[in-house]
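K.L.:
Please work out how this folds:
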Amino acid sequence: MCCDDINTLFPIINSGISTLDVLNEIHPSCVNDNDAVSTMVTDLENHVLNAFGNIMKNAEKFHDHNVFVGKNIFPICIRSMKKNLNNNNNMKPSWKYEPHIWASFSNFCYECCREKRKFLSKKVDFDTVVPFLIQFMTEDPNYAYTWYTYDLLRKSCDIIGKKTMIKIEGLLKVLGAVADGGNTTVNGEVKKEAIKLLKYVS
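P.N.:
I've put the predicted structure just below:
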C-alpha cells in the first residue's frame, strides 16, 4: 500500500489512537493475565501498533509532514506497554513485557524517523520513547536489536543530545551489561552493537 494523500490516512490513524485509548482503560487491572479478555486486548493493541508501523512504512511521500501534532500518539502507545498492578488508580503503572506489542511499537518508531523522516523528530517525543527503548533492551537485548532499538537510541542521541542521553537512568547500565558479554544468551552481533552505542553516547 502506498497512499498519495496523507489526509486519507487520518481517519485510520485517529481510529487507532481512539482504540488504544479505550484498550488502555480496559487493560490495566480489571482483568487477569490469563483472562481471555486480557488476551483479546493484547492482540488488539498489537494489531493497532502494527498498523501504525505499516502506514508509516508505506507513506513514502510524507517525510516532512508532522502528522501527529496534537494527537499525543507516542504517550498513548507507551501506555499500552504499561499495566497497573491492581485497581488502585493512584498506583503508577509498571512495564509489562509483551514481545509482539513491544516489537510493533519499536518498528513504528523506527519507521517514523528512519532516513529523513520527521514524524518522530521532537525532543519531547524522544523523552517519552527512550525509557521504553531502555526497558526493551533490559527485557530482551537480542529481540530489541532485531526491532531497531539500538538504531533508535542512536537517533535519540542526535535529537536529545549525548550529554542528556548519558544521564538517562538505566541507559549506561543496560548497555554495559549487554556489551560486557557475561550474559551468554546475548549474541555476538548485539554485544558489538552495544559497544558501538556506548562509544557513540560517550
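
K.L.:
which secondary structure elements does the least confident helix or strand in the chain by mean pLDDT contact?
P.N.:
Lowest by mean pLDDT, DSSP states H and E among the helices and strands of the chain is strand 82-83, with a mean of 82. In terms of contacts (3 or more C-beta pairs under 8 Å, 6 or more residues apart in numbering; DSSP states H and E), strand 82-83 is packed against strand 94-95. Heads up, the C-betas are built off the backbone N, CA and C, glycines and all.

K.L.:
after the longest helix along the chain, next one along is what?
P.N.:
Assignment by DSSP state H gives helix 36-58 as the longest helix of the chain. The helix or strand immediately downstream of helix 36-58 is helix 73-79, counting by DSSP states H and E.

K.L.:
Show me what that next one packs onto, helices and strands only.
P.N.:
Using 3+ C-beta pairs under 8 Å, 6+ apart, helix 73-79 sits against helix 10-26, helix 36-58, helix 99-113, helix 123-139.

K.L.:
buried sites along the second one?
P.N.:
Yep, that's helix 36-58 we're talking about. 38, 41-42, 44-46, 48-53, 55-57 (16 or more other C-beta atoms under 10 Å).

K.L.:
now do the third one
P.N.:
The neighbour-count check on helix 99-113 (16+ other C-beta under 10 Å) flags 101-113 as buried.

K.L.:
want to try CSV for the helices and strands packed on helix 73-79, with mean pLDDT as columns?
P.N.:
As requested, the helices and strands packed on helix 73-79 are exported to CSV (pLDDT from 0 to 100):
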stretch, mean pLDDT
helix 10-26, 88
helix 36-58, 89
helix 99-113, 95
helix 123-139, 96
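
K.L.:
Tell me which of those approaches Y148 most closely.
P.N.:
Y148 sits nearest to helix 99-113 of all the helices and strands packed on helix 73-79, at 3.9 Å, using C-beta to C-beta.

K.L.:
how much does the closest one deviate in direction from helix 36-58?
P.N.:
If you take axes from the mean of the first three to the mean of the last three C-alpha atoms, to 10 degrees, helix 99-113 sits at 20 degrees to helix 36-58.

K.L.:
contact partners of helix 99-113?
P.N.:
Helix 99-113 has contacts (C-beta atoms under 8 Å, 6 or more residues apart in numbering) with 42, 45-46, 49-50, 52-53, 56-57, 74, 77-78, 80-81, 117, 119-121, 129, 132-133, 136, 139-140, 143-144, 146-149, 151-152, 155.
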